[in-house]
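Undergrad: Dropping the sequence and predicted coords here.
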Amino acid sequence: MAVRALTAVRGAVGFLSRVPVGHSEAGWEAFRRTPAAVPVVGYLLGGAVAAAVLVPGALVGAPAPAVALGLVVAVYGLTGVTHVDGVADLGDAAAVHGSPADRRAVLKDTTVGTGGVLAVAVVVAGLALAGLALADLPLPVAAAVVVASEVGAKAALATLVCVGDAPHEGLGSALTTESAPGDALGVVAVAAPAAVLA
């Protein structure tokens, strides 16, 4: 059981980040079957971002704009641009006037439109503004907020995998077909300490 959990976490790290842990079929399969591994990665990534940005910023007394930029760079450096691509796709689909089928067609389109550009700009600006706010907090509080936000984002993703139903074959269906709504209890149990920490 412990080996499967570690394999699932390794698979989740490989899928959700740019941390070079390698990719294996065993890791992917364990990850698909273990939604609770997803918020575990939130703890790891949140801790890494806090250590890379907040600790040095506090030690050298970095100005708030430097901390804000560092937060944006660290988050995207660790998680990769795949997630930003998803935000752009969602922004383009939200801008479509038409049926749900029309929106799904836009999600599959590889070009980025104005809705996607705006969505990415809003997300990056929001992350930078969060960095400005974090710079004014005491280091332990700021670190707790960063960890809790990463865990919360990953827990939301894992919960969606547990209770969602993918509309077509693809990455979403590869994850949702292996999970059931009851698996969300494990996700909540793993994420709960982050809520207390925050």
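TA: The structure has been received and is ready for your questions. Numbering: from 1, shown residues only.
Undergrad: Now do the same contact list for D165.
TA: T176 (CB atoms under 8 Å, 6 or more residues apart in numbering). The way it works is simple: take the backbone N, C-alpha and C, and place the C-beta from them, glycine included.
Undergrad: Distance-wise, check it relative to A48.
TA: 33 Å (CB to CB, to the nearest Å).
Undergrad: Check which helix or strand G77 maps to.
TA: helix 64-79 (DSSP states H and E).
Undergrad: average pLDDT across the next helix or strand after that helix?
TA: Of the helices and strands lying after helix 64-79 in sequence (DSSP H and E), the nearest is helix 82-94. In this model, helix 82-94 has an average pLDDT of 85.
Undergrad: do the same with stretch 24-38
TA: Mean pLDDT, stretch 24-38: 84.
Undergrad: First-to-last residue distance for it?
TA: 17 Å (CA to CA, to the nearest Å).
Undergrad: can you list contacts of that stretch?
TA: For stretch 24-38, using CB under 8 Å, 6+ apart, the contacting residues are 4-5, 7-12, 14-16, 21, 154-155, 157-159, 161-162, 174-175, 178-179, 183-184, 186-187, 189-190.
Undergrad: Please apply the same query to stretch 41-57.
TA: 9, 12-13, 16-17, 62, 66-67, 70-71, 74-75, 78-79, 131, 134-135, 139, 142-143, 146-155, 191, 194.
Undergrad: How about stretch 120-131?
TA: 53, 64, 67-72, 75, 84, 87-88, 91, 149.
Undergrad: at 6 Å what do you get?
TA: 67-68, 71-72, 84, 87-88 (CB atoms under 6 Å, 6 or more residues apart in numbering).
Undergrad: got those as TSV, with neighbour count and distance to T110 columns?
TA: Formatted as TSV, the contacts of stretch 120-131 follow (neighbours: other CB atoms under 10 Å; distance: CB to CB, whole Å):
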residue	neighbour count	distance to T110
V67	22	35
A68	22	31
L71	26	29
V72	18	25
V84	16	14
V87	17	15
A88	21	10
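Undergrad: Any buried residues in the helix or strand encompassing L160, and which?
TA: L160 belongs to helix 139-163 when elements are defined using DSSP H and E. Neighbour-count burial for helix 139-163, counted by 16 or more other CB atoms under 10 Å, picks out 142-155, 157-162.
Undergrad: go on, stretch 187-198?
TA: Buried residues in stretch 187-198 (16+ other CB under 10 Å): 187, 190-191, 194.
Undergrad: Now render the residues you listed as a markdown table, adding distance to P39.
TA: Formatted as a markdown table, the buried residues of stretch 187-198 follow (distance: CB to CB, whole Å):
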| residue | distance to P39 |
| --- | --- |
| V187 | 6 |
| V190 | 5 |
| A191 | 4 |
| A194 | 7 |
